[in-house]
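I'll drop the sequence and a predicted model, then ask my questions.
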Amino acid sequence: MNTQVAIIGGGPAGLLLSRLLQLNGVDNVVLERRSRDYVLSRIRAGVLEQGLVDLLQEADVHKRLKAEGEVHAGFDIAFHGEVCHLDLAELSDGKTVTVYGQTEVTRDLYDALDAAEATVIHEAENVALHDLDTDNPRVTFELNGQTQQLSATFIAGCDGFHGPSRQAIPASVREEYELTYPFGWLGILSETPPVGEELIYAGHESGFALCSMRSRKLSRYYVQCPSDDDVADWSDDRFWEELKSRLPTADANALVTGPSIEKSIAPLRSYVCEPMSWNRLFLAGDAAHIVPPTGAKGLNLAASDVHYLSRAFIDYFNKGGESLLRDYSKTALSRVWKAERFSWWMTRLLHCFPKQNNFEKNLQSAEFDYLQSSHAAKVALAENYVGLHY
Ligand code: RFL
Ligand code: PHB
């Protein structure tokens, strides 16, 4: 098999890249390790920046998003019971975010790719990258027990944090920057109406909590927990009790509880790999970087990478331009580091750090007081939350 761009990974980054390339006449093949049902069963992000919404419109996969997605013009940050409202629209010249599940974005992309008869190969096992520093890079994989080969002009590594693409950059070239946090997020999905119209991020002495949603009937809630906690130890009752104890009283009283339909623990990590490209290989999304979910930036960063990378491939194949590909890593990393900074800042503001001393606790309180009292601080938060321009 031969193609112009071999895309490893059929998550949101890989599928969106495939769709944008296909609409611009660039031939590509997606290789995904999992089944489609498995990919569509993963509950992940929920908050889309306007930049991603625009990109989904460009990819012509926006109709359901426009009909079912909820535009949010603000959210609350609570700290030890005090509430600060962020009017995103007022603070950022009318910009907003859209609440629409990553699972639905993925489903819409699959539907569009199917309709266009794009090649997405599922359950491709033992994917391996070869000859990246030659003009003829290749990917080998196993499908139904048979070894197959895909030759391409370029390879796009969109295979998430645990995929093989990043590892194909020699260790002598790769710089890795990493912070791990001594806690995770326990998340549940429940068929209950959300506690309010907008998201609530809450910092509390026993830990962070987040009230989010997928629709008017489906809620998504998170509580900070020790990273080695076992999800089996968290009954629904224990979860609801913990969540309530961390929310401002009015929100705790308004909370509608019910059985969870999904429950999982995600570790928190900040990570960047530099460079994001090496010879014929280009990384995008979680394959190159991870942010803690506090700022809702992971999926949105995957989207901005795909924006830069799709333009670079299209320019190369349709006009012979090489400069966008050459500059891809530098261009993408400049936005990545700003999102890393913001996600780290919001995580530090709202979480309980086990070894935090009183000085650090007072700094956290001062940070929240400053946010509450300063228009400039609110503008800075809003500018980052709605997403920096790309
Ligand atoms: P993905 O989604 O991990 O997709 C990578 C795909 O590659 C496949 N793969 C392979 N394929 C072939 N061969 C191999 N050897 C392979 N190894 C892996 C995988 O099966 C998968 O299908 O990465 P991508 O596309 O870069 O997308 C990134 C986003 O998924 C991620 O950043 C977000 O979900 C992060 N995130 C959030 N981001 C936001 O922008 N807003 C949010 O509100 C938000 N909330 C979240 C989140 C992530 C969370 N977790 C679970 C860490 C909330 C949570 C709880
Ligand atoms: C979610 O709805 O899953 C969600 C929302 C906001 C975040 C993280 C996750 O910051």
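Nice, thanks for sending it over. Residues are numbered from 1 along each chain as shown. Ligands and ions are numbered 1, 2, ... in the order given.

need phi/psi at the residue lying closest to G295 once chain neighbours are set aside.
Setting aside the residues directly before and after it, G295 is nearest to S343 in space (Cβ to Cβ, 6 or more residues apart in numbering), at 4.0 Å. C-beta here means a position set from N, CA and C on the backbone, and glycine is covered the same way. The phi and psi values for S343, taken as degrees, to the nearest 10, are phi -70, psi -40.

burial count for S343?
A total of 23 residues lie near S343 under the criterion other Cβ atoms under 10 Å.

residues of the stretch 1-150 of the chain that sit close to ligand 2?
Taking Cβ under 6 Å from any ligand atom as the criterion, the stretch 1-150 of the chain approaches ligand 2 at residues A45, G46, V47.

the last one contacts S212, doesn't it?
It refers to V47. Yes - between V47 and S212 there is a contact at 7.5 Å, judged by Cβ atoms under 8 Å.

joint contacts of these two?
V99, L199 (Cβ atoms under 8 Å, 6 or more residues apart in numbering).

circling back: quick check: the residue nearest to G295 touching N300?
No - at 10.4 Å, S343 and N300 do not qualify as touching, with contact defined as Cβ under 8 Å.

you'd agree V26 is up against I314?
Yes - counting by Cβ under 8 Å, V26 does reach I314; the two are 6.0 Å apart.

give me the distance between the residue in the chain positioned nearest to ligand 2 and L210.
When distances are taken as Cβ to the nearest ligand atom, the chain reaches nearest to ligand 2 at G46, 2.7 Å away. G46 sits 10 Å away from L210 when distances are taken as Cβ to Cβ, to the nearest Å.

equivalent analysis for S264, please.
Distance of S264 to L210, given as Cβ to Cβ: 14 Å.

between those two, which has more neighbouring residues?
Higher neighbour count among S264 and L210: L210, with 23 against 14, using other Cβ under 10 Å.

SS state for the more buried one?
Under DSSP: H, G, I helix; E, B strand; the rest coil, L210 falls in the strand class.

what does the one 3 residues further on give?
With three-state DSSP as the basis, M213 sits in strand.

and it, what does it touch?
Each residue near M213 by Cβ under 8 Å, 6+ apart is listed here: G46, E70, V99, P194, L199, S219, R220.

identify the bridge partners of it.
Counting by DSSP bridges, M213 is bridged to S219.

grab the nearest non-local neighbour of the residue in the stretch 51-200 of the chain positioned nearest to ligand 1.
Nearest residue of the stretch 51-200 of the chain to ligand 1: G160, at 2.8 Å (Cβ to the nearest ligand atom). Leaving aside its chain neighbours, G160 sits nearest to D286 (4.5 Å; criterion: Cβ to Cβ, 6+ apart).

quick one: that neighbour is in a strand?
No - using three-state DSSP, the secondary structure at D286 is helix, not a strand.

just give the number of residues close to it.
Applying other Cβ under 10 Å, we find 26 residues neighbouring D286.

distance of it from ligand 1?
Computed as Cβ to the nearest ligand atom, to the nearest Å, the D286 to ligand 1 distance reads 4 Å.
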